[in-house]
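Participant: The following comprises the amino acid sequence and a computationally predicted model.
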Amino acid sequence: MSNFPFTATECIAAFGSGEVSAGEIATASLERIRLANPALNAFIEITGERALSEARLLDAARKHGASMLPLAAVPYAVKNLFDVEGITTLAGARLYAHNPPARRDGKLVEWLHGAGGLLAGTLNMDAYAYGFTTENTHYGSTHNPRDLSRSAGGSSGGTGAAVAAGLVPIGIGSDTNGSIRVPSSLCGVFGLKPTYGRLSKTGSLPFVASLDHLGPLATTVADLALAYDVMQGSDPLDPACAQRPVEATVTELPRGIEGLRIARLAGYFDDNADEDARWASHVAAKALHADDEVEIPGAAQARAAAYLITASESGALYLDALRERIDEFEPHSVERLIAGSLVPAVWYQRAQRYRRWYLERVLALFEDYDLLIAPATPVTAPLLGQQFIRIGERELLTRPNMGLLTQPISFIGLPVVVAPLWTGSGLPMGVQLIAPPWREDICLRAANALEKSGLSGSRTSSGAR
Amino acid sequence: MKDKDMNTELTRYVDVALALHGLELNEARRAETEKQFLLLASMSRIIATEPIPDEIELAGIFRL
């Protein structure tokens, strides 16, 4: 089992060469899930029959000489806010437990299926995607595979844990304020939050429509780029989805950082980072030859505005349900949703206007730089149930503050790849590689350069202090 | 307005807004809601003084 294909790239190669069948790959992944999931609680539903059925079709097609699909025989799993035909879409919430099963796959699941992926299941998350720790009262906490006593991050914590534990090579999550990037950092995997509007959200449950993004997590940059490329495409059913052609990134990876002007973000991004986080940011900057340090003007205000928009839009979304079924809500977030529903329009409107203003000021930075580097989380993985995190002399509540460094970036929709580094404690710490809108290729090239340098990677602890 | 007066007004606002929304909460839940709302009020103050130009307005859907 240990020599079985592990990454997506290995699965595709092994299947393509005839070394193994898709059925064997699916069976191996399902066996890993069966063994590991009881300790991790990453999967809420395991779709073994579907994965095996998809594998049989691939094996039959290969026998008949069909051409290889781009994601042929690659097991993957999705956060349980994606529609999967025949399964109730939960978004981590008991509120939805009695909804009928989805009648069809969400758009990204549909495209991953069309590319030859094998769907292994749906993954745990903070209820409604409102949280950074995947401590879910109704479906249980997800445990971090690097240390089972610690949080996997959230809200895509099940996705981070499943990928980090090697149960599936690719996981799909969502990121409103950091929900792909925080689990990537805490679990030690690569994660991509694309530009706002780059990937279709059709067939996924919204949380904060004007901030929601979907994207992949993986154990290698090549796998991350592969998954991202397969999921690109315009979608007339999603009003936020950009009408842009597919811009393949896999072929761009070998270019590395040649010609890129790179700077490290200081100021707010140092002030809200502990020693491990600042270390990771400096190490990545050195490796990527980022000699300059810059500050994003107004990052603290951006975080505040993101907080307000999140509260207001999610509160409005759930107001009817709060009136009718309040006792079914997740205790960790119900009062935040209620308070959000009370936000005056002038606060919300000002936050949205600030967003446009701040975007223009940040875009001005990209006239001088192609890539910006910052830590992904203020600290490494906190213990499950840990109420406070410490940043220097400050003690902050864990749940709302794990996104301190991600919120000012997703607020304006910039593409980000998180690349994991390994601290002296043995726990991972991610760095955000941030590019101008629509330049996911730049983020991925820089992450690839870090991975090739041996400093960043998901499966080893190379690069530790 | 002094902070104490402001918080009193915000507390009254919470009660009125909850009633307008038709949300009846037990005391513990109301108290936690008020705490969360005061946090949101503090967030709104962080951006309240930013000199955003008047011409900055947004369409309903955020686009890059």
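Facilitator: Looks like it arrived, so ask away. Please read all numbers here as calculations on a predicted model, not as lab measurements.
Participant: Need the three-state assignment for the spatially most central residue of chain B.
Facilitator: For chain B, B:Ala41 is the residue whose C-alpha lies nearest the centre (CA atoms, centre = their mean; 4.5 Å). Three-state assignment for B:Ala41 (DSSP: H, G, I helix; E, B strand; the rest coil): helix.
Participant: Can you give me the neighbour number for the closest residue to it other than its chain neighbours?
Facilitator: Once flanking residues are discounted, B:Ala41 sits nearest to B:Leu10: 5.5 Å by CB to CB, 6 or more residues apart in numbering or on different chains. Where you see a C-beta, it was placed from the backbone N, CA and C, and this is true even at glycine. B:Leu10: 15 surrounding residues under other CB atoms under 10 Å in any protein chain shown.
Participant: Kindly report the same for A:Ala115.
Facilitator: Neighbourhood size, A:Ala115 [other CB under 10 Å]: 18.
Participant: that older thread, for the strand or helix carrying the residue nearest to B:Ala41, list every residue counted as buried.
Facilitator: If you go by DSSP states H and E, B:Leu10 is part of helix B:3-21. Under the neighbour-count criterion of 16 or more other CB atoms under 10 Å in any protein chain shown, helix B:3-21 has B:Val14, B:Ala17, B:Leu18 buried.
Participant: for the stretch 151-300 of chain A, what spans make up the strands?
Facilitator: A:170-175, A:190-193, A:213-218, A:262-265, A:292-294 (DSSP state E, counting those that start in this stretch).
Participant: a markdown table for those strands, including mean pLDDT and distance to chain B?
Facilitator: Shown next, in a markdown table, are the strands of the stretch 151-300 of chain A (pLDDT from 0 to 100; distance: least, CB to the nearest CB, whole Å):
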| stretch | mean pLDDT | distance to chain B |
| --- | --- | --- |
| strand A:170-175 | 98 | 15 |
| strand A:190-193 | 98 | 13 |
| strand A:213-218 | 98 | 11 |
| strand A:262-265 | 98 | 19 |
| strand A:292-294 | 98 | 20 |
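Participant: and those strands, which is most packed in?
Facilitator: A comparison of the strands of the stretch 151-300 of chain A by mean neighbour count, using mean count of other CB atoms under 10 Å in any protein chain shown, puts strand A:190-193 on top with a mean of 32.
Participant: Quickly run through the sheet partners of that strand, with directions.
Facilitator: Paired strands of strand A:190-193, with direction, are strand A:213-218 (antiparallel), strand A:416-422 (antiparallel) (DSSP bridges).
Participant: Using CSV, please lay out the ones you listed together with distance to A:Asn177.
Facilitator: Formatted as CSV, those follow (distance: least, CB to CB, whole Å):
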stretch, distance to A:Asn177
strand A:213-218, 10
strand A:416-422, 12
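Participant: Tell me which residue of the stretch 101-250 of chain A lies closest to chain B.
Facilitator: As assessed by CB to the nearest CB, chain B sits closest to A:Ser210 within the stretch 101-250 of chain A, at 4.5 Å.
Participant: from memory A:Pro378 sits against A:Leu404, does it?
Facilitator: Yes. Taking contacts as CB atoms under 8 Å, A:Pro378 lies within contact range of A:Leu404: 5.2 Å.
Participant: Which residues are in contact with each of the two?
Facilitator: A:Asn272, A:Leu396 (CB atoms under 8 Å, 6 or more residues apart in numbering or on different chains).
Participant: before we move on, back to that, do you know which of the strands paired with strand A:190-193 lies nearest A:Asn144?
Facilitator: strand A:416-422 (12.5 Å; CB to CB).
Participant: re the thing from before, could you report the pLDDT at the residue of the stretch 101-250 of chain A closest to chain B?
Facilitator: You'll see A:Ser210 listed with a pLDDT of 94.
Participant: Residue numbers of chain B in contact with chain A?
Facilitator: Counting by CB under 8 Å from any CB of the partner chain, the residues of chain B lying close to chain A are B:13-14, B:17-18, B:21-23, B:25, B:29, B:32-37, B:39-40, B:43-44, B:46-48, B:50, B:52-53, B:56-58, B:61-64.
Participant: could you flag which of those are buried?
Facilitator: Looks like the residues of chain B next to chain A have B:14, B:17-18, B:23, B:25, B:29, B:32-34, B:36-37, B:39-40, B:43-44, B:46-47, B:52, B:62, B:64 buried, using 16+ other CB under 10 Å.
Participant: My read is that A:Leu69 contacts A:Leu112, right?
Facilitator: No. Applying CB under 8 Å as the test, A:Leu69 and A:Leu112 come out as separate, 10.4 Å apart.
Participant: Enumerate every residue touching A:Val109.
Facilitator: A:Val78, A:Phe82, A:Asp83, A:Val84, A:Leu119, A:Ile172, A:Gly203.
Participant: Lovely, talk soon.
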